[in-house]
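Novice: Pasting the sequence and the predicted coordinates here, then a few questions.
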Amino acid sequence: MSMDSNKKVIGVISLKGGVGKTSSVANLGAALSQFNKKVLAVDANFSAPNLGLHFGLLNPETTLHDVLLNRASINDAIYEHTAGFHLIPGSYISRKINPFKLREKIKHLKDYYDTILIDSSPNLNDEMLSAMIASDTLLVVTSPDYPTLSATLRAVRLARKKNTPISGLILNRVRNKGFELSIHDIEEAAEVPVISVLPEDINVPESIANTMPVTLHRPKSNVAVEYKKLAASLIGEKYNDPRLWPKIKSIFRKEIPKENINRMLMGKGM
């Protein structure tokens, strides 16, 4: 069954800063809304929240933290982006939060949204546990280097310990250099399929500086197209790349990229 007929809360996690976890949440949120889905992105990074900054929401009056501290209704913390998707921003909180409270606060929102994306903390503590408990499935963001892979393996082990399913790995900031870990190496170590390979792309930091997801800022860039392919697979739909050159290259390609196969298998299993 696809996510399209079975609404899901998807947690996006990593155990290393700087690998693109928050950018992935922002871009998947924007991309999913382009498939006419009702999408909500939630900033559940309690100690370093910045998802709102990716959308130009600088000083929100009400945040998720007001909700978790029972100072506001969760409906008051929902903001609408001009592109059509919704966002619950965060703000710094020093108080320890019951890791089950996030799930309690957002569970009824599944009646209103097709997909809820949760941006978690990159720390192995109650913040990440909170996101895992609230999620139906997880996406783990990593990059093709040993330090990040080591952190990724810890995140995968924790998810399995908490019995939270992992849909796949998002392999980000790929430069296609010989010194990088291969998809095979990463999948073999993590025992989780790579379902998206995102190239290192100058359009990403440029889009962040412009407070707009790259899927909206540079919709035909390589990285934007890859986000859209991933978004489509998460809801059981197909995305047709509108660009001519990739279509020409696919005609002469001898093998289907591994991540494309994994996305097809993931779609059939949902």
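Specialist: Right, received. Where do you want to start? Predicted model only: the values in this text are computed from it and were never measured.
Novice: hmm, who's touching the top strand by length along the chain?
Specialist: The longest strand of the chain (DSSP state E) is strand 166-174. Contacts with strand 166-174, where a contact means C-beta atoms under 8 Å, 6 or more residues apart in numbering, come from 10, 12, 19-20, 24, 137-144, 152, 156, 159-160, 180, 183, 186-187, 190, 192-200, 230, 234, 259, 262-263, 266. (C-beta placed from N, C-alpha, C; glycine too.)
Novice: Can you give the distance from stretch 22-41 to the centre of its chain?
Specialist: 9 Å (C-alpha atoms, centre = their mean, to the nearest Å).
Novice: Over to stretch 189-209?
Specialist: That offset, for stretch 189-209, works out to 10 Å (C-alpha atoms, centre = their mean).
Novice: With just CA atoms, put that stretch into PDB.
Specialist: Provided in PDB are the C-alpha atoms of stretch 189-209 (Å, rounded to 0.1, in the frame of the first residue of the first chain):
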ATOM      1  CA  ALA A 189      27.300  -1.400   6.300                       C
ATOM      2  CA  ALA A 190      23.900   0.100   7.300                       C
ATOM      3  CA  GLU A 191      21.700  -2.800   5.900                       C
ATOM      4  CA  VAL A 192      19.300  -0.100   4.700                       C
ATOM      5  CA  PRO A 193      18.700   0.800   1.000                       C
ATOM      6  CA  VAL A 194      19.800   4.100  -0.500                       C
ATOM      7  CA  ILE A 195      16.700   5.600  -2.000                       C
ATOM      8  CA  SER A 196      18.000   9.000  -3.100                       C
ATOM      9  CA  VAL A 197      21.400  10.300  -4.200                       C
ATOM     10  CA  LEU A 198      21.600  14.100  -4.100                       C
ATOM     11  CA  PRO A 199      24.600  15.800  -5.800                       C
ATOM     12  CA  GLU A 200      26.700  18.500  -4.300                       C
ATOM     13  CA  ASP A 201      25.000  21.600  -5.800                       C
ATOM     14  CA  ILE A 202      25.800  25.300  -5.300                       C
ATOM     15  CA  ASN A 203      22.100  26.000  -5.800                       C
ATOM     16  CA  VAL A 204      21.400  24.600  -2.300                       C
ATOM     17  CA  PRO A 205      23.300  27.100  -0.300                       C
ATOM     18  CA  GLU A 206      22.100  29.800  -2.700                       C
ATOM     19  CA  SER A 207      18.500  28.800  -2.000                       C
ATOM     20  CA  ILE A 208      19.100  28.800   1.700                       C
ATOM     21  CA  ALA A 209      20.500  32.300   1.500                       C
END
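Novice: quick thing: my sequence starts at 593, can you match it?
Specialist: All set: I'll call the first residue 593, so the last point we hit is now stretch 781-801.
Novice: I'm done for today, thanks for sticking with me.
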